[in-house]
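> Got a sequence here, can you model it:
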Amino acid sequence: MAGIRTENKVYEVGMYCRLSKDDGTDNESASIATQKSILTDYVKKQGWHLAKTYVDDGYSGTNFQRPSFQNMIKDIENGLINCVITKDLSRLGRNYLDCGLYLEVFFPEHNVRYIAVNDGVDTLNKSAMDITPFRNILNEMYSADVSVKIKSAYRARFQQGKFMGTTAPYGYVKDPADHNHLLIDDKVAHVVREIFDLALAGNGIAKICKHINKQHILRPAAYAVERGETGYERYFEGNEENRYIWSENSVRGILRSPIYAGNLAGYKRIAANMKSKKRPSKLPEEWEVISDTHEGIVTQEEFDTVQQLMTSRRREQNAGGFENIFSGVIKCADCGYAMRAASANRRKRPDIIDCVQYTCNNYGRYGNVMCTAHSIEARDLFNAVLADINRFADMAVNDEKTVRVIEKRLTETDQSRARTLEKEQRKLNKRLAELDRLFSSLYEDKVMERITERNFEMMSGKYQKEQLEIEARLKEVTETLNDSYEKSQGVRDFLSLIRNYQGIKELDATIINALIDKILVSECEKLTDGTIRQEIKIYYKFIGFVGELHITPTKRWTALKPKNCTVCGAEYVPRSAISKYCPECRKRIRKVQGTETKRRGRERNRQACIELSAKNDRLTWSRDQAES
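Okay, here's the model as predicted:
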């Protein structure tokens, strides 16, 4: 063949054959047997040694994670083969980027010769390799065209109301007369019906799960195994009891699926394109639904009611009427978990906020093994955040000098670092330009045969490595600089925003979500002087963390409103809702009560002594009478 360097080398050949489902089975020229025959004859004619044959039957060429192909790559890395032969280039793969990576990088680096017999591709033939990238692009275009046609066919069948799943969902079986139609599975339909009935009764997913688990019913995956389906057994290996433990996701999936109302739902997860294997989930309201395709286990009205109940289950107010305005914002400073609002288990207070405290959710679920309580009174948190917002709002409106100090403090470090990074950025760009010139000069020296091929490869490899390192660092520097510029602008945006909240007396969720990203609450700590304090860190929008707040946690009894003493009339803060006296009067009254209690005690003791003495006298008299 013209342009190939003649060699008498005897190669250790690896034959690779591939056939995907998209290639079809009616095309004899593409079958595995045909490929093996062509390649075997070619190897024999060349007088080479056939080391191994690799076959991937039923695998797409767009994906290189094929078992036999990966085995061949391992054998190449282990030095077992030094020549790879395929019938044509499309058998190697139909992804032009990955094909190019193997042809131009991997195979040359491992001294492997590649030959595509029918396409005339040979890595030793430099002129033939110039056209190879275009062949790869055409091969990928073929796969893309097939992909579009298959997707169109599937969508057409879906829109006709035909079920396209491999296995029927829990509660249904495929119609023996038409595998694209679903029939109700009478064996487990009552379980689905019961799950919906429980949801309609107002039960949450966790309660439904517990109820089903008590009945010892096979979970959907275990029931699929019982029906003879494969791929689920791994979930129960080593623990048979897992077959009867339903997860909340299983219950949620049943309640959310339109299948059970007699509708087909599809296109819940769609890949961005043919090459991408990521399939991000869509929200239920974004699914494509075809109505009335089969008999439903529940009615459409029941299904719609359950959806409304599930969507509205998260309430802004709890049963006692407390509005949790910090929901989703307040976090534990140590473990990062959200903090839950819960009753503080105290006597009734005038305001509901005084009956609520926040605690770490991680601690609430697992105890002090995972974290500590980090308890903070809802009133304390409310007051601290309100005061801090007002402080910044007043500052933004009235104290320009302090604003400039804060702005400088927040951005000074970033500005200083930005100057250093800008200087480094200029040096990196200058070095990249120098490397481009060096590459150009080096290539010219190679063409003019001023340097050897070996020296060219060595120097170009060195320059390429440095170039990659510089580009990576340059990207990092650029991103850091952009963050710095954004933070400088963020300070101005924050000050402009918070001016609108000067003088606010109350907080609500709208204000919190507009101004604050998150609030971190630390555990209470006892200082050397015996006082207790708690640290709160507020991360504001645009600027992040400015400075921690230190509060003195409120004792629970001080949460009551002041009242007047029933004795002297003075105003005081009661310790309980039934308190009547101020501290001074209470002390005096308790002293009087204590004196009276002691007096009554002494009187009881005196009476007891008198009675005992009289009893002893009677016993003595009785004994004397008996002796006489």
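
> use CA for all of it now, contacts and neighbours both
Will do.

> And A222, how far from E241?
Distance, A222 to E241, by Cα to Cα, to the nearest Å: 11 Å.

> between these two, which one's more packed in?
In this view A222 and E241 are compared by other Cα atoms under 10 Å, and A222 has more residues nearby, 20 against 11.

> and the more buried one, how far is that from N242?
Applying Cα to Cα to A222 and N242 gives a distance of 9 Å.

> Counting neighbours, what do you get for G47?
12.

> where's it relative to V121, distance?
19 Å.

> One more: R94?
15 Å.

> Let me know how buried D354 is, in neighbour terms.
22.

> Same question for the one 4 residues further on.
For Y358, the tally of surrounding residues (other Cα under 10 Å) stands at 25.

> quick one: it is in a helix?
No. Read with DSSP: H, G, I helix; E, B strand; the rest coil, Y358 is strand and lies in no helix.

> dump the residue contacts of C335.
By Cα atoms under 8 Å, 6 or more residues apart in numbering, the contact list for C335 reads 362, 371.

> Can you tell me the SS state at A33?
Per three-state DSSP, A33 ends up helix.

> tally of neighbours for it?
11.

> Mind checking what secondary structure the residue lying closest to F439 once chain neighbours are set aside has?
Distance criterion Cα to Cα, 6 or more residues apart in numbering; nearest residue to F439, sequence neighbours excluded, is S460 at 7.0 Å. Assigned with three-state DSSP, S460 falls in the helix class.

> Quick one: neighbours of S460, just the number.
17.

> State the distance from it to H181.
S460 is 62 Å from H181, by Cα to Cα.

> Repeat that for R365.
Taken as Cα to Cα, the span from R365 to H181 is 45 Å.

> Likewise for I519?
53 Å.

> Just want to know which of those two has more residues nearby.
I519 (23 against 19).

> any idea of the pLDDT on the more buried one?
With respect to pLDDT, I519 has a value of 92.

> so it, which of the three states?
With three-state DSSP as the criterion, I519 reads strand.

> roughly how far apart are it and R219?
Taking Cα to Cα, one finds I519 at 40 Å from R219.

> same question, G367
G367 sits 30 Å away from R219, going by Cα to Cα.

> Of those two, which one has the most company?
Remark: of G367 and R219, R219 carries more neighbours, 19 against 13, as counted by other Cα under 10 Å.

> so that one makes contact with V251?
No. Assessed by Cα atoms under 8 Å, R219 is found out of contact with V251, at 9.8 Å.

> dump the residue contacts of I498.
With contact set as Cα under 8 Å, 6+ apart, I498 has these partners: 389, 392-393, 396, 515.

> Tell me which two in these are the farthest apart.
Farthest-apart pair in the contacts of I498 is A396 and L515; separation 14.0 Å (Cα to Cα).

> These two: who's more crowded?
With other Cα under 10 Å as the criterion, A396 and L515 differ in neighbour count, and A396 comes out ahead with 23 against 18.

> The more buried one: which element?
Using DSSP states H and E, A396 maps to helix 378-398.

> could you give the angle of that helix to strand 356-360?
Angle between the axes of helix 378-398 and strand 356-360 is 90 degrees (criterion: axes from the mean of the first three to the mean of the last three Cα atoms, to 10 degrees).

> Pull out the buried residues from helix 378-398.
Buried positions in helix 378-398, judged by neighbour count with 16 or more other Cα atoms under 10 Å: 378-382, 384-386, 389-390, 392-396.

> now, which of those residues sits nearest L198?
A378 (34.0 Å).

> right, and that closest one touches T359 too?
No. Using Cα under 8 Å, A378 is not in contact with T359, being 10.0 Å away.

> Identify the contacts common to those two.
The contact lists of A378 and T359 share A341, where a contact means Cα under 8 Å, 6+ apart.

> Show the subsequent helix or strand relative to the helix or strand bottoming out on mean pLDDT in the chain.
Evaluated with mean pLDDT, DSSP states H and E, the helix-and-strand set of the chain has its lowest mean pLDDT in helix 132-159, which scores a mean of 64. Tracing the chain past helix 132-159, the next element assigned as helix or strand by DSSP H and E is strand 172-175.

> which helices and strands does that following strand pack with?
For strand 172-175, the elements it packs on are strand 178-184, judged by 3 or more Cα pairs under 8 Å, 6 or more residues apart in numbering; DSSP states H and E.

> Past the strand it packs on, which element shows up next along the chain?
helix 189-200.

> which outside residues touch the helix or strand just after that following helix?
Note on helix 189-200: by DSSP H and E, the next helix or strand toward the C-terminus is helix 205-214. Contacts of helix 205-214 from elsewhere in the structure, counted by Cα under 8 Å, 6+ apart, are 195, 198-199, 244-248, 251-252.

> a markdown table please, covering these and showing distance to K187.
Output for the contacts of helix 205-214, formatted as a markdown table (distance: Cα to Cα, whole Å):
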| residue | distance to K187 |
| --- | --- |
| I195 | 15 |
| L198 | 19 |
| A199 | 21 |
| Y244 | 16 |
| I245 | 18 |
| W246 | 17 |
| S247 | 20 |
| E248 | 22 |
| V251 | 18 |
| R252 | 21 |
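
> Find the pair from the residues you listed with maximum spatial separation.
For those, the farthest-apart pair by Cα to Cα is A199 and Y244; their separation is 20.3 Å.

> any idea how far D178 is from A433?
For A433, the distance to D178 - Cα to Cα - is 67 Å.

> tell me the strands in the stretch 301-450 of the chain, going along the chain?
330-332, 339-343, 356-360, 376-377 (DSSP state E, counting those that start in this stretch).

> Just put those strands in CSV and tack on distance to K162.
Listed next are these as CSV, based on distance: least, Cα to Cα, whole Å:
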stretch, distance to K162
strand 330-332, 48
strand 339-343, 46
strand 356-360, 49
strand 376-377, 56
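
> closest to F494 out of the ones you listed?
Here strand 330-332 is closest among the strands of the stretch 301-450 of the chain (Cα to Cα), at 20.0 Å.

> now for that closest one, which elements pack on it?
Where contact means 3+ Cα pairs under 8 Å, 6+ apart, strand 330-332 is packed against strand 339-343, strand 516-521.

> per-stretch mean pLDDT over the strands of the stretch 301-450 of the chain, give me the minimum one.
strand 339-343 - the lowest mean pLDDT of the strands of the stretch 301-450 of the chain, at a mean of 85.

> Mind listing what's buried along that one?
Under 16+ other Cα under 10 Å, the buried positions of strand 339-343 are 339-341.

> Need phi/psi at R623.
Dihedral pair for R623: phi -70, psi -40, per degrees, to the nearest 10.

> So for C585, what's the pLDDT?
So, for C585, pLDDT stands at 90.

> My read is that it contacts A570, right?
No. Between C585 and A570 there is no contact under Cα under 8 Å: 9.6 Å.

> Can you tell me how far K430 is from E466?
K430 is 13 Å from E466, by Cα to Cα.

> Any regions of the stretch 451-600 of the chain where pLDDT drops low?
481-492, 555-560, 576-577 (pLDDT under 70).

> Strands of that one, start to end?
516-521, 525-526, 532-540, 544-545, 549-551, 563-564, 571-572.

> what's the second one in contact with?
Taking contacts as Cα under 8 Å, 6+ apart, the residues outside strand 525-526 that touch it are 532-534.

> and of the residues you listed, the nearest to S327?
Closest to S327, out of all of the contacts of strand 525-526 and judged by Cα to Cα, is Q534, at 20.1 Å.

> Let me know the distance separating the closest one from H550.
Q534 is 6 Å from H550, by Cα to Cα.

> more crowded one of those two?
Legend: neighbour count by other Cα under 10 Å for Q534 and H550, higher for Q534 (19 against 14).

> L101 - how many residues pack around it?
11.
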